Structure formats: structure tokens, C-alpha cells
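In: structural data only, the sequence is not supplied:
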């Protein structure tokens, strides 16, 4: 009986740890960072890849732990967050703060080992997410614009980790993921509008699930596609995309745009949910296409 209790307790602690650091989100961030590294590296160093993955997880975990500490009272009001470790009482604020602090310090050290600029961008990401984006979420829809900055850093962070330099190439990767944030998070904001409202969060550009929000989602989807195709024209330094890869990206983008237009027509939570999944598919497949295009060109 005692053995079963210990096992259950250990499983619960691990689950809470994964939830306070948002492991699933961290995996997507690490994936973006590694994709950026593969694009920027002349020769793949798997030690750097490993450090980037560990450092990226630490930074995301720290940001999310701080976020859940700050928003613990609001999380208790919303169905999707009320069972998180802190509002549910399974984890104390002090424990979460220790996790966040250890993750921050460890993440900065690991990223600094890669190179100082990588650590600097990691620190900027945490600071903006925790100190600016999180407080603004209950104040203004402009919070999404602020949150798009740390959200766009991972893709370009990988390039900086590979080269130790920030230039037009990582800047372009940043812009792709920056514009992508808007259709993605506005789709989430539309889908979970009622739940966000309970917590007092302002996530949609007009504050409502209306025609104005739907139009902005379409516009930002178009801008995301256009920015994603800039490397085809050979104006972004070492970051280049062949016309074939560009055509694939365009098709993927049109797929996301289809769901954005569908949301405009239907204006339903279900349509917003489909757009959210389409946007995740777009950015993931885009990064895969970018990396494959580079290595196929090298092999040929």
C-alpha cells in the first residue's frame, strides 16, 4: 500500500513539474531553435544542438513557471487552467519560484556556453514574456504584439547559436515567426474566448469575436505567407529558398489562409480551433521544408 502511494506521489510530482514548465510547448520551441541552428550551421555540432535543446527548455520552463505564479489567481477562474499545480494547491508559490529561478540561471549558463549572444536573446525573451507580456494580457489586446516578440525568438535563436551573429538571416527567421503569432494566437483567443473572459484576458484585436478580428486574422495570415517567401528572391544573405521549396511554402500558406477565410465566413469557435491547428501545422512544416531545402541543395 505504501509502495503504491509513493509511486502515485512520484507520478503526480513529475506531472506537476511537466505542467508548471509546459513541456509540450517547450518541445515546439526547442524544435524551432534546432531548425534555426541547422539553417545557420555550416557544420552540425551535436553538442551545440544538445545544449540548445537543454537551454531552450530551461528558458521556456522558467518563463512559464513565472507566468503561472503571476497569474495563479486568474488561472483559478478559468476551466482550462484551474487544475494547474498552483491554483489547485498541489504546488506552493515558493516551490514554483525555486523551479523558475533555477531554470533561469541554468538556461542562461547553458546558452552562454554556446555563445554570449544566444544567452542575451534568451534573457530578453524571458524578460519580455514575464515582465511585459504577462501583465499586459489583462490590460490590452496589444499584449499579443508584445508576446509575439519572445514567441518569435526561438527560430532565430538557433541561427545565432550556430553563427554567434545577428544579421539579416536570423532577422528574417524572426519576422516569419513574429507574423505567424497573430493568426495563431488570435485563433486560440477566439476558440477559448469565453474561458479567457472569465480570467479577464484581452486576446482579440477588437476585443470581440467579430468581423474586424476575422479580417485582421486574414491579413496577418497573408503577411506571414509573404514574409515566409522572401528568401526565394535571394535578398536574405545565406538564408535562401529554392523556387520549388517556395512553391511548397506557398501551398502550405494557402492551406492556413483557407481556414482563416473559413473563420471569417463562419465566425465559430470550431472554425477558430481548426485554424489554430492549421497554423501549428504551417510553422512546423515550414521549418522542415526550410531545413530540407538547404540540405538537398548541398547534396545535389
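Out: Nice, I can see it. Since the structure is predicted, the reported quantities are computational estimates derived from the model, not experimental observations.
In: distance of the closest residue in space to residue 74 that isn't next to it in sequence relative to residue 264?
Out: Excluding the flanking residues, the one nearest residue 74 by C-beta to C-beta, 6 or more residues apart in numbering is residue 199, at 4.2 Å. All C-beta spots, glycine's among them, are computed from the backbone N, C-alpha and C. Separation of residue 199 from residue 264 (C-beta to C-beta, to the nearest Å): 26 Å.
In: who's more crowded, those two?
Out: residue 199 (20 against 16; other C-beta atoms under 10 Å).
In: hang on, that one packs against residue 75?
Out: Yes: when contacts are counted by C-beta atoms under 8 Å, residue 199 is listed as touching residue 75 (7.1 Å).
In: what about the residue nearest to residue 110 when sequence neighbours are not counted, how many residues close to it?
Out: Nearest residue to residue 110, sequence neighbours excluded (C-beta to C-beta, 6+ apart): residue 55, at 3.7 Å. Residue 55 has 26 neighbouring residues, counting by other C-beta under 10 Å.
In: and residue 61, by the same measure?
Out: 26.
In: could you do residue 12 as well?
Out: 12.
In: do the one 4 residues further on as well
Out: Using other C-beta under 10 Å, residue 16 has 19 neighbouring residues.
In: work out for me the element it sits within.
Out: In this structure, residue 16 sits in helix 2-20 according to DSSP states H and E.
In: check residue 262 too.
Out: Assigned by DSSP H and E, residue 262 falls in helix 243-266.
In: show me how far that helix is from its chain's centre.
Out: Relative to its chain's centre, helix 243-266 lies at 20 Å (C-alpha atoms, centre = their mean, to the nearest Å).
In: give me the mean pLDDT for that helix.
Out: Mean per-residue pLDDT for helix 243-266: 98.
In: which residues touch that helix?
Out: 183, 187, 190, 211, 214-215, 217-218, 221-222, 224-225, 228-229, 231-232, 241, 271-272, 274-275, 278-279, 281-282, 285-286, 289-290, 292-293 (C-beta atoms under 8 Å, 6 or more residues apart in numbering).
In: narrow these to those that are buried.
Out: 183, 187, 190, 214, 217-218, 221-222, 224-225, 228-229, 231-232, 241, 271-272, 274-275, 278-279, 282, 285-286, 289-290, 293 (16 or more other C-beta atoms under 10 Å).
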